[in-house]
Structures are given as structure tokens and as C-alpha cells.
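**Student:** Here's a sequence, model it:
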Amino acid sequence: MATTMLKALNQSLHDALSDDEKVILLGEDIGTLGGVFRVTDGLKSEFGEHRVVDTPLAESGIVGSAIGLAYRGYRPVVEIQFDGFTYPAFDQLVSQLAKLHYRSRGRVKMPVTVRIPYGGGIGSPEHHSESPEAYFAHTAGLRVFAPSSVQDAYTMLRQAIDCDDPVIFFEPKRRYHEKADIDLSTPAKDGSPKAKVVREGEDVTIVGYGPTTYTLLEAALAAEDEGVSLEVIDLRTLDPLDIDTVANSVKHTGKLVVVHEASRTSGVGAEICAQITETCFDYLEHAPLRVTGFDIPYPPSRLESHHLPDLDRVMHAVDTVMRHHEATEGAAK
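**Tutor:** Residues are numbered from 1 along each chain as shown. Okay, the predicted model is just below:
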């Protein structure tokens with residue numbers, strides 16, 4: 001059946017609440033209002049205010065309460081209204097939630113899912129359009145999911161809620177209204193979904209996640225008109241990072257471009273480029289390139305189109321690695 005990502009997420013939460021009475025939702029305005037993006041619309045009326053809990057405006061308190069509930073055997077799902085509102089809860093996330101399982105030698109499980117709408121492209125200012133994923137991918141003890149498709153939004157949220165480890169679940173808000181057919185069957189429990197090759201290609205590997213995946217597919221179509229074949233990989237998870245899927249592709253194409261909205265310095269793209277350089281150095285025909293947001297606070301909405309990686313910037317990176325390849329081939333002849 002065809003549905004939007006918003007409705008797929010809503011259905012995923014509905015099914016998790018139905019299947020397990022220990023699942024509880026917490027967040028600001030998620031009950032009566034249905035959340036700022038209406039992801040939780042209608043769930044309070046069906047499951048009651050004791051399972052869909054409207055909280056005070058206090059992110060640290062919300063996550064701290066979820067940790068306490070997890071201690072008591074519940075599976076809390078926290079909604080943070082916007083990406084930039086995550087920071088008041090940062091200490092709870094990285095100092096407590098991420099460490100309690102290890103600190104207790106495995107006796108304590110923390111099956112907490114933290115949903116965070118993230119990224120730009122919706123005309124909102126700073127604190128409403130940020131990409132803080134690198135903070136959490138860097139934090140040992142947290143899993144980081146970043147679906148891009150409607151199907152993955154449904155399936156991966158179910159998998160995150162089923163996981164006994166804490167999961168930071170990044171939702172690409174500018175893709176909320178994308179529509180596609182989805183399968184609502186119960187997914188296999190999988191705490192680390194693998195990266196997915198969403199389009200096969202021969203010449204260049206291009207890697208993204210979340211909101212950038214569709215930009216990469218546009219680039220693949222544009223490159224095809226120029227006789228260049230791009231292999232598009234959607235990472236889907238940032239921790240654990242499925243570097244093997246990327247490496248297998250790079251060993252075939254010899255070239256890599258990584259794309260994300262977050263700032264360039266110390267971003268996920270830097271980690272991917274480092275690991276690929278270490279593992280695939282003998283296969284690379286050009287240094288891996290990154291196409292990212294700039295190292296600035298998120299700009300005013302009228303400037304965000306210049307800040308976000310777009311088709312032109314991605315194609316420029318593809319042209320750069322291809323020109324080097326063509327020049328090398330010409331010299332060899």
C-alpha cells in the first residue's frame with residue numbers, strides 16, 4: 001500500500017504499541033497534538049495517556065525518565081521535537097544511556113529509542129535544521145539509524161524498538177511527505193541493518209544516508225546522460241557502520257564520493273573516507289571526495305539551498321574523480 005514516511009512512522013509506532021505492552025512513547029506534545037510533525041497523531045486516543053505521554057519541555061528530563069523506565073523493563077520511545085533540541089539531553093544520552101549496559105557488565109539493558117527529526121530543506125532556522133549525527137556515531141554504546149526510504153522508516157523503527165541497545169533514530173524531515181508502497185509485515189529483529197546498494201553502477205561509488213540518498217539517485221540519472229555509471233549506496237546505519245558494502249563497491253569502481261548535510265570537518269564522511277583509504281588503497285584511482293554542508297552554523301532559510309549538498313555539487317565531485325581517471329587512462333595509452 002502507498003503511504004508517506006510520516007504515516008509509515010506512525011504505523012510503525014502503532015504496531016509496536018500493539019505488539020508489546022512495555023512500549024511507551026514520551027515527548028513534548030506527542031499526545032493530544034500528535035507531535036510537531038504529527039508522527040504520533042491518534043496514538044494517545046487509542047492507547048491512552050499512560051502509554052503516549054505528554055512531557056514537560058525538558059529534554060534532559062525526558063531522556064532521564066526513559067532511562068528509568070528501561071531499568072524497570074519498559075521499551076521507551078522518546079521524541080525530540082527538532083534536531084537542535086537534542087543538546088539539553090546530551091549528558092543523559094552520552095554519559096548515561098550509552099554506558100549503563102557496559103557499566104553494569106551487561107546486567108542492565110537499555111532498550112531506548114530516541115527519535116530525532118533532522119536535517120534541513122524545510123525553510124527553518126538553526127536548532128530546527130541541524131545534522132548532529134556525528135556526535136552520536138562517535139559515542140560508544142549507541143546505535144545510530146538513519147533511514148531514507150518510506151519502507152525503511154517503517155521497518156527500521158520497528159527494529160530499533162525491538163533492539164536491546166539504545167538507538168538514536170534520525171528521521172529525514174524533508175522526506176516526511178515522500179510516498180511509496182510499503183510492506184507492513186513484522187520485520188526480522190535486526191539491531192544492525194546493512195547498507196543497501198540502491199542503484200548498481202560501474203564507474204563511481206557514491207554514498208549517502210537519510211535526506212541525501214535521493215540527491216544521489218538524481219545524480220546517477222544525470223551522470224547516465226553523460227555516459228557515467230554511478231553506484232549509489234544508502235548507508236542506513238551510521239553505527240554500526242557497514243563499511244564492507246562500501247569497500248566491495250569501491251574495489252569494483254575505484255572511486256568514492258561521500259555526501260552528507262552535516263558539516264565537513266570530523267563528519268561521518270571523514271570516517272568513511274579514512275576507512276576506505278585504509279582498506280582499499282590499492283584499488284583507489286582517485287582520493288575519496290566529500291560533498292557536505294559547510295563548517296558554519298546552519299544558515300538562514302533563504303541561504304540553505306547554497307549550504308546543502310545539491311545535484312551540481314555532487315556532479316562536480318563525480319566529474320573531478322572521472323577527469324583524473326580519464327587523464328590517467330590517456331597517459332597510459
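**Student:** list the buried ones in stretch 216-234?
**Tutor:** For stretch 216-234, burial by neighbour count (16 or more other CB atoms under 10 Å) applies to L216, L217, A219, A220, A222, A223, V228, L230, E231, V232, I233, D234. To be clear about C-beta, it is placed using only N, CA and C from the backbone, and glycine gets the same treatment.
**Student:** ok, residues contacting it?
**Tutor:** Contact with stretch 216-234 is made by 148-149, 195-209, 213, 245-246, 249, 252-253, 259, 311, 314-315, 318, 322, as judged by CB atoms under 8 Å, 6 or more residues apart in numbering.
**Student:** now swap in stretch 252-259 and tell me
**Tutor:** In contact with stretch 252-259 (CB under 8 Å, 6+ apart) are residues 201-208, 212, 215-216, 231, 246, 250, 268-269, 272-273, 276, 283-286, 288-292, 309, 314, 317-318, 321-322, 325.
**Student:** In PyMOL, select just the buried ones from these.
**Tutor:** Those of these that count as buried under 16+ other CB under 10 Å are selected in PyMOL with:
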select buried, resi 201+203+204+205+206+207+208+212+215+216+231+246+250+268+269+272+273+276+284+285+286+288+289+290+291+292+309+314+317+318+321+322+325
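**Student:** Mind checking which of the contacts of stretch 252-259 land in helices?
**Tutor:** 215-216, 246, 250, 268-269, 272-273, 276, 314, 317-318, 321-322, 325 (DSSP state H).
**Student:** If we only consider those residues, which is nearest to Y102?
**Tutor:** Y102 lies nearest to V268 out of the ones in helices among the contacts of stretch 252-259, by CB to CB, at 22.8 Å.
**Student:** At which residues are the strands of this protein located?
**Tutor:** Using DSSP state E, the strands of the chain run over 2-4, 23-27, 52-54, 75-79, 113-118, 143-145, 167-172, 179-181, 196-199, 204-208, 230-234, 237-239, 256-263, 289-293.
**Student:** Could you export those as TSV, including distance to P132 and mean pLDDT?
**Tutor:** Below are the strands of the chain laid out as TSV (distance: least, CB to CB, whole Å; pLDDT from 0 to 100):
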stretch	distance to P132	mean pLDDT
strand 2-4	25	93
strand 23-27	17	98
strand 52-54	24	97
strand 75-79	15	98
strand 113-118	7	98
strand 143-145	10	98
strand 167-172	9	98
strand 179-181	27	94
strand 196-199	23	97
strand 204-208	17	98
strand 230-234	20	98
strand 237-239	11	97
strand 256-263	8	98
strand 289-293	12	98
